[in-house]
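Enquirer: attaching a predicted model along with its sequence, questions to come.
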There are 2 protein chains.
Amino acid sequence: MKHRDDESTAELPAVCKACDVRHGGICQTMSPLQLRELNRHTKRKAIEPGAEVHCQGEPVVSYANVIKGVVKLTKVMADGRQQIVGLQFVPDFIGHPFLKENSLSAEAATEAEICAVSKSALDRMVAATPDLERHLHSQAQAELEEARSWMLTLGRMSAREKVASLLCLVSTHCDPKVDHSLDFELPLSRQDIGDFLGLTIETVSRQITKLRQERLIKVENNRHVTILDLRRLRQAACLGT
Amino acid sequence: MKHRDDESTAELPAVCKACDVRHGGICQTMSPLQLRELNRHTKRKAIEPGAEVHCQGEPVVSYANVIKGVVKLTKVMADGRQQIVGLQFVPDFIGHPFLKENSLSAEAATEAEICAVSKSALDRMVAATPDLERHLHSQAQAELEEARSWMLTLGRMSAREKVASLLCLVSTHCDPKVDHSLDFELPLSRQDIGDFLGLTIETVSRQITKLRQERLIKVENNRHVTILDLRRLRQAACLGT
DNA sequence: CGATGTCTTGAAGCAGTTCAACCAGGGTGG
DNA sequence: CCACCCTGGTTGAACTGCTTCAAGACATCG
């Protein structure tokens, strides 16, 4: 490794300068020099809702960072039954270090943008940058914690509690800048919500209608949600007061 | 770091010499010197079924390695509903790096033994040993994958499929030496199985009875299971042929 | 031997599914 | 510009798989 360049003054790649997540995600652990190195192997992509980032069963060839929008991670069974097993928001990392083959599909839930990196390039940098490995490890632990919390939701909650939980989850994740948005666009269709909660689309719809009738939430145009009574919504989601 | 000792010939701690998992788990990434260092902060403990390794909500003070038996990871809700979110077999690692507070309880499911390490000591070694961080990261990814597979099970499978899945899971994990045991002791009570599958104890019992009547399995003394027809059991668990 | 904890079995109830009809918004084309 | 359809969401009614509640079987242990 050459250290001739003074890392602190090295030019940042143009794409990175303009990037919202420059100071979040894996990028925050990298020096300008490293970003320049990495940048030779990255490609920004805009993806439409429903478009795949990668597909269950295919070999792992690249990783990605979510720059805009929401990406859903799904698993499908041979007979077509489907389960969403994670939602990646800005600036989360997508991909499976250590795995040869993708164990799930990643698909845009909304209009989205990603910054894709080739596996080999990132793997090389991870090996050389303990901070980077540490960051990925830390995100993996966070995702593990989320997945396990969701197992409790899937295994033990009623439909009403599940739907309330989802609304709380989205409200705490959709805007990286604030803790709890009370007003947001749902990144998921009713079908997606069902696939996330292990419910049918009809049950989801009925529960949303109920929450609306009880004035816990307001819904406009099917997608736009306003939380009217956060305390009671959190209670309905078994999150205490 | 002093490198005066020749690491390769340095004496292994006595406990480690006799330890079955010396060449598995996190220990495999450490030199004899490091093991001696670590050993000053570890303590082997035997734990009875039901005894806690650590408890949801308490501060993280130590990690542990499973040396013998099975440890279940559980989450409980305020009203007492409970979900098992993971099973740790030999030689898995238990604990939450990066977290201040335990987000779940770890409790022995069977007679078990663990090797406990103080958080501060291990954190220090992790920071100094990239291989160790890498190993923990790799296990976290593997657990994440298991958790997500289980989300599919919890969200989309029928009671019969869930029970068959659990039997397959145990058969592939209970003996670290073989791929697939056809004959094993269930590490879980009916109640535990229910808490793992998101079912009631009665439903679990009925499904086991059915699998027994269909000659997919044999059950003796409630706990001892023999798989009679692995192909059909895997089919019932939606694992293909 | 009764006593206790764990598991099984049965019958009734209900939450969530299934199936089907309906509704609202948004193109498209005649 | 209205008739048409098409997609995504809602609502209703019947059904079913799992739960609930209650009783019985079985093993283990003082």
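Expert: Received it, and whenever you're ready, just let me know what you need.
Enquirer: near DNA strand D, which residues of chain A show up?
Expert: Proximity of chain A to DNA strand D, by Cβ under 7 Å from any atom of the strand, involves residues A:189-191, A:201-202, A:204-206, A:208-209, A:219, A:222-223. Quick note: C-beta positions are derived from backbone N, CA and C, even for glycine.
Enquirer: which among those count as buried?
Expert: Using 16 or more other Cβ atoms under 10 Å in any protein chain shown as the burial test, the residues of chain A next to DNA strand D include A:189, A:190, A:204, A:205, A:208 as buried.
Enquirer: rebuild the residues you listed as CSV, extending it with distance to DNA strand C, secondary structure and pLDDT.
Expert: CSV is the format used below for these (distance: Cβ to the nearest atom of the strand, whole Å; DSSP: H, G, I helix; E, B strand; the rest coil; pLDDT from 0 to 100):
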residue, distance to DNA strand C, secondary structure, pLDDT
A:189, 13, coil, 97
A:190, 12, helix, 97
A:204, 8, helix, 98
A:205, 9, helix, 98
A:208, 13, helix, 98
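Enquirer: what is the nearest of those to chain B?
Expert: Within these, the smallest distance to chain B is 12.9 Å, found for residue A:204 (Cβ to the nearest Cβ).
Enquirer: and stretch A:163-179, what's buried?
Expert: A:163, A:164, A:165, A:166, A:167, A:168, A:169, A:170, A:171, A:173, A:174.
Enquirer: for those, give me JSON lines that also has secondary structure, pLDDT and distance to DNA strand C.
Expert: Listed next are those as JSON lines, based on DSSP: H, G, I helix; E, B strand; the rest coil; pLDDT from 0 to 100; distance: Cβ to the nearest atom of the strand, whole Å:
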{"residue": "A:163", "secondary structure": "helix", "pLDDT": "98", "distance to DNA strand C": "10"}
{"residue": "A:164", "secondary structure": "helix", "pLDDT": "98", "distance to DNA strand C": "12"}
{"residue": "A:165", "secondary structure": "helix", "pLDDT": "98", "distance to DNA strand C": "12"}
{"residue": "A:166", "secondary structure": "helix", "pLDDT": "98", "distance to DNA strand C": "14"}
{"residue": "A:167", "secondary structure": "helix", "pLDDT": "98", "distance to DNA strand C": "16"}
{"residue": "A:168", "secondary structure": "helix", "pLDDT": "97", "distance to DNA strand C": "17"}
{"residue": "A:169", "secondary structure": "helix", "pLDDT": "97", "distance to DNA strand C": "18"}
{"residue": "A:170", "secondary structure": "helix", "pLDDT": "97", "distance to DNA strand C": "20"}
{"residue": "A:171", "secondary structure": "helix", "pLDDT": "96", "distance to DNA strand C": "22"}
{"residue": "A:173", "secondary structure": "helix", "pLDDT": "93", "distance to DNA strand C": "24"}
{"residue": "A:174", "secondary structure": "coil", "pLDDT": "87", "distance to DNA strand C": "22"}
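Enquirer: ok, those residues vs DNA strand D, which is closest?
Expert: residue A:163 (10.5 Å; Cβ to the nearest atom of the strand).
Enquirer: stretch A:138-153 and chain B in contact?
Expert: Yes - contact of stretch A:138-153 with chain B (Cβ under 8 Å from any Cβ of the partner chain) involves A:138, A:140-145, A:147-152.
Enquirer: weed out the non-buried ones from those residues.
Expert: Using 16+ other Cβ under 10 Å, the buried ones in the residues of stretch A:138-153 next to chain B are A:138, A:140, A:141, A:143, A:144, A:145, A:147, A:148, A:149, A:150, A:151, A:152.
Enquirer: kindly report the domain assignment for chain A.
Expert: A:2-129, A:157-236 (automatic domain parsing).
Enquirer: which bits of chain A sit near DNA strand C?
Expert: Checking chain A against DNA strand C by Cβ under 7 Å from any atom of the strand, the hits are A:158, A:159, A:160, A:198, A:199, A:200, A:202, A:203, A:206.
Enquirer: that older thread, in helices, which of the residues of stretch A:138-153 next to chain B appear?
Expert: A:138, A:140-145, A:147-152 (DSSP state H).
Enquirer: including distance to residue A:89 and pLDDT, could those residues go into CSV?
Expert: Converted to CSV, those look like this (distance: Cβ to Cβ, whole Å; pLDDT from 0 to 100):
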residue, distance to residue A:89, pLDDT
A:138, 16, 96
A:140, 16, 97
A:141, 17, 97
A:142, 12, 97
A:143, 11, 97
A:144, 16, 98
A:145, 15, 97
A:147, 15, 98
A:148, 18, 98
A:149, 16, 97
A:150, 15, 98
A:151, 20, 98
A:152, 21, 98
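Enquirer: and the one residue in chain A that gets nearest to DNA strand C, what helix or strand is that in?
Expert: Going by Cβ to the nearest atom of the strand, DNA strand C is nearest to residue A:203 of chain A, at 3.0 Å. In this structure, residue A:203 sits in helix A:201-213 according to DSSP states H and E.
Enquirer: next one: that helix to chain centre, how far?
Expert: 24 Å (Cα atoms, centre = their mean, to the nearest Å).
Enquirer: helices or strands next to it in the packing?
Expert: helix A:159-173, helix A:190-197, strand A:217-220 (3 or more Cβ pairs under 8 Å, 6 or more residues apart in numbering or on different chains; DSSP states H and E).
Enquirer: okay, the angle between it and helix A:190-197?
Expert: For helix A:201-213 against helix A:190-197, the angle by axes from the mean of the first three to the mean of the last three Cα atoms, to 10 degrees is 100 degrees.
Enquirer: the inter-axis angle of helix A:201-213 versus helix A:159-173?
Expert: Put simply, helix A:201-213 runs at 70 degrees to helix A:159-173, going by the same axes, to 10 degrees.
Enquirer: which residues outside helix A:201-213 are in contact with it?
Expert: Among residues not part of helix A:201-213, those counted as contacts by Cβ atoms under 8 Å, 6 or more residues apart in numbering or on different chains are A:159-160, A:162-164, A:167, A:190-191, A:193-194, A:197, A:217-219, A:233, A:236.
Enquirer: for residue A:167, see how far away the residue of chain A closest to DNA strand C is.
Expert: From residue A:203 across to residue A:167, the span is 15 Å (Cβ to Cβ, to the nearest Å).
Enquirer: kindly report the same for residue A:101.
Expert: 34 Å.
Enquirer: ends of stretch A:184-191, how far apart?
Expert: This stretch, stretch A:184-191, spans 18 Å end to end (Cα to Cα, to the nearest Å).
Enquirer: output the below-cut-off pLDDT ranges for chain A.
Expert: A:1-10 (pLDDT under 70).
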